[in-house]
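J.: fold the following and give me the result.
(2 chains)
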Amino acid sequence: MSIDRETARRVAKLARIAVPEDRLDGLAQEFNAILGFVEQLREVDVEGVEPMVSVTPMRLKRREDVVTDGNQQDAVLANAPDAREGFFAVPKVVE
Amino acid sequence: MSALTDLTIAGARDALRAGETSAVALTEAHLEAAGAAGALNAFVHHTPDLAREQARAADARLARGDAPAMCGIPIGVKDLFCTKGVPSQAASRILDGFRPEYESTVTDKLFTSGAVMLGKLNMDEFAMGSSNETSTYGAAVNPWRAGNSDAALTPGGSSGGSAAAVAAHLCLGATGTDTGGSIRQPAALTGTVGIKPTYGRVSRWGIVAFASSLDQAGPMTRNVRDAAIMLEAMAGHDPKDSTSADLPVPDFEAMLTGDIRGQVIGIPREYRLDGMPDEVEARWQDGIAMLRDAGAGIRDISLPHTKYALPAYYVIAPAEASSNLARYDGVRFGRRAALDQGDGVTEMYEKTRAEGFGDEVQRRVMVGTYVLSAGFYDAYYNHARKVRALIRRDFEEAFASGVDAILTPATPSPAFELGAMAEADPIEMYLQDVFTVTVNLAGLPGIALPTGQDRRGLPLGLQLIGRPWEEGALLNAAQCLEDRAGFVARAEKWW
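T.: This is a model prediction of the structure:
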């Protein structure tokens, strides 16, 4: 499997990272080096093996479905690059 | 009494309780050492006011006789931990200016037990790296130098600042985190001790997430006893982290009996790599002899899937990172890129993340995005998780056959020069974690400690891997090794 310039562009788009045109070929090459390295996993026979989904098998705890926290608008907004009138402010989302 | 910065945590604790020194005096000595060590670039945010306030409070507790083991002990905190009101940037430009409104569980526990924070410590950006060179603050520098050379060496990574600060006696202990080796590799490269506990032993709440199924925090100290003391203060169940285990935390220090007679130490043949330096192999053989001398039985074992650990890690860790780092969008915290007229929300995300993330972080986020994308999820991500299950099974089988702990080298080489990997393939750097990453995938506890030096005088470390939840027994085995290795060398001060 080889990643080309167009795939690199698509992945950058999915990851929401602006990558300049002149970096795409280099990026594709780096992806190929890493994916080439992980390609050796294909040698492993995983027939019948369940994927590991929990590091330490244990039952998750449950709690009452009640409000335990809240009323912290100022704390929540304190680190926002742009907060106005109690909201996070962002550029226009819909035309 | 020796110089205050030469004390261990255990020694300082005893001196404080005996009234031979004060938390304020201890703190001032370390603030001075940290302030004069700019050349090491280990501390990236100093918090002297907080430290002095905490030291005064610790002295008051000591006077009342209400002094837990960490009371009055000056520590450094990796920049990955959120500390209330104090910059917590994960060494990333994207978190420039971020001052959390809350305290991570680990630092909260340490402060509750009376520890004094001197400041925040350098690291690789988002803990992605093995040399501390991906940091937005620039690399931390290893206090050790090779022979007569004055070339700057890496302290390892990602907890490079923690390792450098502890090795240079700028603090008595430091917090680290370990996703693929980020506590143990820097410990080995700086002649310090670092333990990654069992996954779930220490709460991850308030620690900037890298790969959530692999991340664990642990202490970095100058000896095994100090690691036991500090780990106990950091560990325990936390309702805010659903993966933290509801198990009692033993008195780890009390378990350092120095007696491992009759225990079986496994030596995995797959950890002998082609091209591994002779000195690494020689120190490993020395370690085997030391444990045999302590009365342990030595057994050759096989962990057949070892060679697939790094490739599996480089699927799973980037996949989890790409999800975790999706939150850095320029909206809720940190830094937003300057936008052009007409830019919409998508441009805001794309420009903010392009400016805010360094090259290695971008690379891993995108690799993770790729392996999780439609059509590749099964082929990469699920396949890697199956291999991960096999890697864990290898360990389970070894332990089921009667092995108590496993001894391996900690790293494939001693500290290397900063910049040495600049032109190399990213994979070259990834190989630094070849001996440590298996432990994260299996969720096991692992400890690195110094047992010798190479011919240029650089420290070399060994790793012991233990059974799940048996950090106490693991620390005890490490203590036996430490007693016999008699590693007393320290970096000569040049900074």
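J.: quick one: pLDDT of B:Met1?
T.: On the pLDDT scale, B:Met1 is placed at 46.
J.: ok, now how distant is the residue minimising distance to the centre of chain A from B:Asp96?
T.: For chain A, A:Ala15 is the residue whose C-alpha lies nearest the centre (Cα atoms, centre = their mean; 6.9 Å). According to Cβ to Cβ, to the nearest Å, A:Ala15 stands 20 Å off from B:Asp96. C-beta: built from backbone N, CA, C; applies to glycine.
J.: and the longest helix for chain A?
T.: Using DSSP state H to define each element, chain A has its longest helix at helix A:24-38.
J.: low-confidence stretches in the chain?
T.: Since you didn't name a chain, this refers to chain A. Within chain A, the ranges that satisfy pLDDT under 70 run A:1, A:95.
J.: could you do chain B instead?
T.: In chain B, residues with pLDDT under 70: B:1-2.
J.: change it to 90
T.: For chain B, the stretches with pLDDT under 90 are B:1-2, B:273-277, B:374-375, B:422-430.
J.: quick one, strands of it?
T.: Using DSSP state E, the strands of chain B run over residues B:43-46, B:74-78, B:116-121, B:173-178, B:193-196, B:216-221, B:264-268, B:297-301, B:405-409, B:446-453, B:459-466.
J.: one more: chain A?
T.: A:83-84, A:87-88.
J.: so which of the ones you listed is nearest A:Val19?
T.: Judged by Cβ to Cβ, the one of the strands of chain A that comes nearest to A:Val19 is strand A:87-88, at 26.1 Å.
J.: so how far is B:Gly356 from the residue lying closest to B:Ala168 once chain neighbours are set aside?
T.: The shortest distance from B:Ala168 to any non-neighbouring residue, by Cβ to Cβ, 6 or more residues apart in numbering or on different chains, is to B:Pro143 (4.1 Å). Between B:Pro143 and B:Gly356 the computed distance is 31 Å (Cβ to Cβ).
J.: flag every residue of the stretch 201-350 of chain B that's near chain A.
T.: The stretch 201-350 of chain B has residues B:213-214, B:239, B:242-243, B:245-246, B:305, B:307-308, B:310-312, B:314-315, B:322, B:329-336, B:339, B:343-350 near chain A, with proximity defined as Cβ under 8 Å from any Cβ of the partner chain.
J.: can you list the buried residues in stretch B:390-398?
T.: B:Leu390, B:Ile391, B:Arg392, B:Arg393, B:Asp394, B:Phe395, B:Ala398 (16 or more other Cβ atoms under 10 Å in any protein chain shown).
J.: check stretch B:248-265 too.
T.: Those would be B:Val249, B:Pro250, B:Phe252, B:Glu253, B:Met255, B:Leu256, B:Ile260, B:Gln263, B:Val264, B:Ile265, for stretch B:248-265 by 16+ other Cβ under 10 Å.
J.: now do the contacts for the residue nearest to the fifth one when sequence neighbours are not counted.
T.: Put plainly, it is B:Met255. Distances taken as Cβ to Cβ, 6+ apart put B:Gly472 closest to B:Met255, at 3.6 Å, once the chain neighbours are dropped. For B:Gly472, the contacting residues are B:Ala228, B:Pro250, B:Phe252, B:Met255, by Cβ atoms under 8 Å, 6 or more residues apart in numbering or on different chains.
J.: at 6 Å instead, please
T.: B:Pro250, B:Phe252, B:Met255 (Cβ atoms under 6 Å, 6 or more residues apart in numbering or on different chains).
J.: so the last one touches B:Asn476, yeah?
T.: In this case it means B:Met255. Yes - between B:Met255 and B:Asn476 there is a contact at 5.4 Å, judged by Cβ atoms under 6 Å.
J.: where's the residue lying farthest from the centre of chain A relative to A:Met58, distance?
T.: Largest separation from the mean C-alpha position in chain A: A:Glu64, at 30.4 Å (Cα atoms, centre = their mean). To A:Met58, A:Glu64 is 20 Å away according to Cβ to Cβ.
J.: could I get the buried residue list for the longest helix of chain A?
T.: Buried-residue list, helix A:24-38, by 16+ other Cβ under 10 Å: A:Leu24, A:Leu27, A:Ala28, A:Glu30, A:Phe31, A:Asn32, A:Ile34, A:Leu35, A:Phe37, A:Val38.
J.: B:Ala90 reaches B:Asp124, doesn't it?
T.: No - here B:Ala90 does not reach B:Asp124: they are 9.3 Å apart, not a contact under Cβ under 6 Å.
J.: quick one, which of the two is more surrounded?
T.: Counted by other Cβ atoms under 10 Å in any protein chain shown, B:Ala90 and B:Asp124 do not tie: B:Asp124 has more neighbours, with 32 against 29.
J.: not counting its neighbours along the chain, what's nearest the more buried one?
T.: B:Ser158 (3.8 Å).
J.: wait, isn't the one you found in contact with B:Phe126?
T.: No - counting by Cβ under 6 Å, B:Ser158 stays clear of B:Phe126, with 8.2 Å between them.
J.: so those two - more neighbours on which side?
T.: The residue with more neighbours, out of B:Ser158 and B:Phe126, is B:Ser158; 36 against 31, by other Cβ under 10 Å.
J.: mind listing what residue 88 touches?
T.: Using chain A. Contacts of A:Phe88 (Cβ under 6 Å, 6+ apart): A:Ala80, B:Val331.
J.: my bad, chain B
T.: Contacts of B:Ser88 by Cβ under 6 Å, 6+ apart are B:Cys82, B:Pro100.
J.: and the closest residue to B:Ile316 other than its chain neighbours, what is it in contact with?
T.: Distances taken as Cβ to Cβ, 6+ apart place B:Ala384 nearest to B:Ile316, at 5.2 Å, with adjacent residues excluded. Residues counted as contacts of B:Ala384 (Cβ under 6 Å, 6+ apart) are B:Ala312, B:Val315, B:Ile316.
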